[in-house]
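Participant: Turn this into a structure:
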Amino acid sequence: MRFLIILLAYTARAFAASIENCPGYTASNIVDADGTLTADLTLSGDACNIYSTDLPDLTLLVEYQTETRLHVKIFDTGLDVFQVQEHILTRPSSQNISSSDAALQFSLIEDPFSFSITRSSSGEVLFNTTGSQLVFETQYVYLKTQLPQNPNLYGLGEHSDSFRLPTENYQRVLWNSESPFIPRLSNLYGSHPNYLDHRGDAGSHGVFLLNSNGMNININRTDEGEQFLEYNTIGGILDFYFLAGPSPSEVSQQYAEVVGLPAMMPYWTFGFHQCKYGYWDVNYVAEVVGNYSAANIPLETMWSDIDYMDLRQVFTTDPERFPLHKMRELADTLHERGQHYIMMLDPGIHRLGNYSTFTRGDEKGVFLKADDGSNYRGVQWAGEVVWPDWIASSTQDWWTDEISRFFDPESSIDIDGAWNDMNEASNFCSDVNCDPAQQAKDSNNPPQPTNPPRNNTGRPIPGFPEDFQPDPAPTRRLRSRQAASGQMKGLPDRDLFSPKYRINNHQGDLSVYTLYTNITNADGTRQYDTHNMYGLTMLTATRNALLARRPGRRPFVLTRSTFAGAGARAAHWFGDNASTWADYRTSIAQLLAFAAVHQMPMVGSDVCGFNGAAQERMCARWALLGAFMPFYRNHADLSAPFQEFYRWDLVARAARKAIDARYRLLDYAYTALRRASATGAPIVNPLFFLYPADKDTFGIDTQFFYGDALLVSPVVDDDAESVTYYLPDDVFYDFWTLARVRGAGANVTVDNVTWTDIPVHIRGGAVLPLRTASANTTALLRRNDFRLVVAPGLDGTAAGSLYLDDGESLDVGDEMSEIGFAWDGATFKAAGTFGYSTDVVVESVVVLGGEQPVTREGPWSLNEPFEFTLSQ
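Facilitator: Residues are numbered from 1 along each chain as shown. Next comes the predicted model:
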């Protein structure tokens, strides 16, 4: 890290010296139509051509799109430079409001051209490029903005660094990459070029640069101590959306209006999920399900990694270890038990003449092409592979057909969702000199699991057909999970492999372990420009295919690779982390960034870690923490020991407690997701989102609000049984004991936190809907009644909500209930819409705050309003 800081400091000084010699641009022909502004930008002097060729003529477009959103776009006048395709990320419509009605104001200096964004209400400068030159070249675009001292910046993901970004010698690299062990100070699986700037009492604002090209974003200070942020991209245009807030939550919601509101997920996806790369055969998968049942740990969804495939070929099953008839039995039995099943779908398609998925795709021309027009070849699990061109017009039909064939409920495996992995895309070729055929041949004998576990007791697996007995171990050896180590389509004559300006991709050159950047997409664009969106286009095709397979039902897609807008289509997990306390802690910061800033609410980490051996106590802590994240899945690598929760008595006890609480709270979380999908309100909140004026909350990334009412403060230190957490100046209630706790805006240290405990507090002012009991499946859970917990705030009042629907329909129409609860200190009221008919009732209402909780027994129907008066 020290070396990186020194390198960044040196590089920043070198840039400054060179960029200062660039002429910048002059604005002319300025047309201000009140709601829009346009101008021509012309190179002010001799081109500096610092990293490529300066473009002489640019166009500026400013749109006051809404009262809180300002669009500023700087692009080449000839419209040759690549711009993100509208069909991949639809642009928000503009309401064309008057600038006098806008919360943000744009102003410019003509020569040399610079611009600033200010807040209308206060005149505060939020973004200011004055004092630095705009550089706009064929393969390098540079823009620098001033910042206040020690700013509170969040976002610019995906990364494994602190939630609040460092402000000195810090760099964010955006280039989607295979990233085992989620390295620090590195680019990871996703690119989200947006940030939130929080300024306490002055409010928050957001900045989104819609640009999919690789980039370095530097946050640092000048030699004079002035704070700045600078963009250094290797292509594309400057397409900014400025979001006025002023609250942090409003910034998040305004960002959702730009990239798309989050997808509403099925109810069951909030259940507990289990997976491992290395489940040897279908019998062992069933055994894991049976073991969870025997251990009395609810399991909602079983997942299959690439183990199930025949020689790692997608849309096949291994005939020896995962024969189709047993796979059908597995899926059917899970469904009979009210459980679910999800399988892996990787993008690498085996280039093999008798492999029907390949031949059908080849006939339709769906694969990415090399410069000579042949299919571009690389290496992935199956060996020599080709990759779908998700932009090609025929690819969606082909992918939909393959999914419909292989997952036909009547003749094949009836899955409930799909898992897209390796979609950065990950390529086992280490450089552009790779011979895919030879590379595949050389790496065809990787290690396989030794001593595969078996059901040696001979007992029947609970709930499964008796013929689920172990098969003889197959003799084939399979690859290890990780590799060893004028149309706005892009300007011609660029160095697509090694541009002169180098982004600090942790893998090295742009094409290392991924698709080569000179590959042409079907629409004439290049992977150089679209690389960061490959995963987004794949998950979009998968979502569409699942919708076609089951029209009207919400599809569930889990993706590793993401770009801006992915949350409107899929869920995400934080990739191949490690079974370490450090990655346990990091998962909290990642959760906050994705759920609160990047508008991806259904997220979580591989609980207990993916790589390495999970330690028992750490796994117990992670089982508790994961239960308060939207997506909750235990997952481990082929090389890792088995780490299912039932492996240790301590972890099993922690998991039972965690899942019991999670399931009783499931409708609270589901209601929060509904709110997110309707308005963009975050499903997980950093503390400063709810206490924006409290400076002590700005840097907290080891606590979070699950929804807007539950403060989760996990033990985070290695092997610790004590935790120090922050309680804002407010009233709280211990979730487990319901005892009132008065926060003082200070740290609280709690000792003797057992390995099956996690501190959780209800925020004062909330009404919390809880199921009266947990259940083994979410289907059974939905039959349980509710208990409403009223936690009065400092003013003695409380409010909350409950959303009910069938849990799976894409469009529920009027068949939903959105019920608001209110307590004024004496009277409790339930009102709203009651379109979803249910036999479930509110069994009781418990009001906290006195010496003892006061309970009013019901029942009250959830099909109509009700109210009552209660004396404490």
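Participant: list the contacts for P601?
Facilitator: For P601, the contact set (Cβ atoms under 8 Å, 6 or more residues apart in numbering) comprises P262, G567, F594, A595, P630, L673, A676, P682, I683, V684. In short, each C-beta sits where N, CA and C put it, glycine included.
Participant: mind running it again at 10 Å?
Facilitator: Residues in contact with P601 (Cβ atoms under 10 Å, 6 or more residues apart in numbering) are 256, 262-265, 567, 571-572, 591, 594-595, 630-631, 669, 672-673, 675-677, 680-684.
Participant: mind listing what G609 touches?
Facilitator: Here G609 is in contact with 181, 576-584, 587, 615, 618-619, 622, 634-637, 640, 643 (Cβ under 10 Å, 6+ apart).
Participant: With G793 instead?
Facilitator: Counted by Cβ under 10 Å, 6+ apart, G793 has contacts D730, V731, F732, R763, G764, G765, A766, A799, W823, G849.
Participant: Quick one: neighbours of the first one, just the number.
Facilitator: Read that as D730. 20 (other Cβ atoms under 10 Å).
Participant: now it: how far from A425?
Facilitator: Separation of D730 from A425 (Cβ to Cβ, to the nearest Å): 47 Å.
Participant: How about the third one?
Facilitator: F732 sits at a distance of 46 Å from A425 (criterion: Cβ to Cβ).
Participant: Could you check which of the two has the larger neighbour count?
Facilitator: Neighbour count, other Cβ under 10 Å: between F732 and A425, A425 has more, with 25 against 22.
Participant: so where do the helices sit in the stretch 651-800 of the chain?
Facilitator: Along the stretch 651-800 of the chain, counting by DSSP state H, counting those that start in this stretch, helices occupy 666-679, 687-690, 778-781.
Participant: Please identify the buried residues of the longest one?
Facilitator: In other words, helix 666-679. L666, D667, Y668, A669, Y670, T671, A672, L673, R674, R675, A676, S677 (16 or more other Cβ atoms under 10 Å).
Participant: again, but for the second one
Facilitator: With burial defined by 16+ other Cβ under 10 Å, the residues of helix 687-690 counted as buried are L687, F688, F689, L690.
Participant: quick one on the thing from earlier: nearest to N96, of the contacts of G793?
Facilitator: Taking Cβ to Cβ as the measure, N96 lies nearest A799 of those, at 36.1 Å.
Participant: Number of residues surrounding that closest one?
Facilitator: Other residues close to A799 by other Cβ under 10 Å number 16.
Participant: beta partners for it?
Facilitator: A799 has these beta-bridge partners by DSSP bridges: A766, A822.
Participant: Would you list the buried entries among the contacts of P601?
Facilitator: 256, 262-265, 567, 571-572, 591, 594-595, 630-631, 669, 672-673, 675-677, 680-684.
Participant: Could you count how many residues lie near G699?
Facilitator: 14.
Participant: wait, isn't it in contact with P151?
Facilitator: No - proximity of G699 to P151 does not meet the contact threshold set by Cβ atoms under 10 Å, at 11.8 Å.
Participant: If I look at G235, what pLDDT would I see?
Facilitator: Model confidence at G235, given as pLDDT, is 98.
Participant: can you pull the contacts of the closest residue in space to it that isn't next to it in sequence?
Facilitator: Spatial nearest neighbour of G235, chain neighbours left out: N213 (4.0 Å); criterion: Cβ to Cβ, 6 or more residues apart in numbering. Residues near N213 by Cβ under 10 Å, 6+ apart: 81-82, 84, 139, 141, 174-175, 191, 193, 233-237, 490, 499, 503, 528-532.
Participant: Recalculate using a threshold of 6 Å.
Facilitator: T233, I234, G235, G236, D529 (Cβ atoms under 6 Å, 6 or more residues apart in numbering).
Participant: between the residues you listed, which is nearest S817?
Facilitator: G236 (45.2 Å).
Participant: and of the helices of the stretch 651-800 of the chain, who's closest to R312?
Facilitator: Closest approach to R312 among these (Cβ to Cβ): helix 778-781, 32.1 Å.
Participant: Averaged pLDDT, that closest one. What do you get?
Facilitator: Rounded mean pLDDT across helix 778-781 is 98.
Participant: With stretch 206-215 instead?
Facilitator: Stretch 206-215 shows a mean pLDDT of 98.
Participant: just the buried residues of helix 666-679 now: which is nearest I19?
Facilitator: Lowest distance from I19 to these (Cβ to Cβ) belongs to A676, with 40.7 Å.
Participant: Distance of that closest one relative to Q599?
Facilitator: 8 Å.
Participant: what ranges do the strands span in the stretch 301-450 of the chain?
Facilitator: Assigned by DSSP state E, counting those that start in this stretch, the strands in the stretch 301-450 of the chain fall at 301-304, 340-345, 349-350, 377-380, 383-386, 417-420.
Participant: Can you check which of those strands gets nearest to L43?
Facilitator: Judging the strands of the stretch 301-450 of the chain by Cβ to Cβ, what sits closest to L43 is strand 377-380, at 40.0 Å.
Participant: Neighbouring strands - and their directions - for the closest one?
Facilitator: strand 383-386 (antiparallel).
Participant: any idea of the mean pLDDT in the strand it pairs with?
Facilitator: Here the average pLDDT along strand 383-386 is 97.
Participant: What lies in contact with that strand?
Facilitator: Strand 383-386 is contacted by residues G348, I349, H350, R351, F367, N375, R377, P436, A437, A440 when judged by Cβ under 6 Å, 6+ apart.
Participant: And for stretch 734-741?
Facilitator: With Cβ under 6 Å, 6+ apart as the test, stretch 734-741 has contacts from F732, Y733, V760, I762, L848, P853.
Participant: can you check stretch 837-857 too?
Facilitator: With contacts defined as Cβ under 6 Å, 6+ apart, stretch 837-857 is touched by 733, 738, 772, 785-792, 828, 858-863, 870, 872.
Participant: Apply 8 Å and report the result again.
Facilitator: 733, 738, 740, 762, 772, 782-792, 796, 804, 815, 817, 823, 828, 830, 858-863, 866, 868, 870, 872.
Participant: Straight-line length of that stretch, end to end?
Facilitator: End-to-end distance of stretch 837-857 (Cα to Cα, to the nearest Å): 22 Å.
Participant: May I see the buried residues of it?
Facilitator: V840, V842, E843, S844, V845, V846, V847, L848, G849, P853, R856.
Participant: which of those residues lies closest to V750?
Facilitator: L848 (19.8 Å).
Participant: Was I right to think D719 contacts E616?
Facilitator: No - counting by Cβ atoms under 8 Å, D719 sits too far from E616 to count as a contact (10.4 Å).
Participant: Looking at the two now, which is surrounded by more residues?
Facilitator: Taking other Cβ under 10 Å, D719 and E616 do not tie; E616 has more neighbours (16 against 11).
Participant: Distance of the more buried one relative to V723?
Facilitator: Counting by Cβ to Cβ, the gap from E616 to V723 is 19 Å.
Participant: swap in V62?
Facilitator: For V62, the distance to V723 equals 49 Å [Cβ to Cβ].
Participant: what does Y231 give?
Facilitator: To V723, Y231 is 39 Å away according to Cβ to Cβ.
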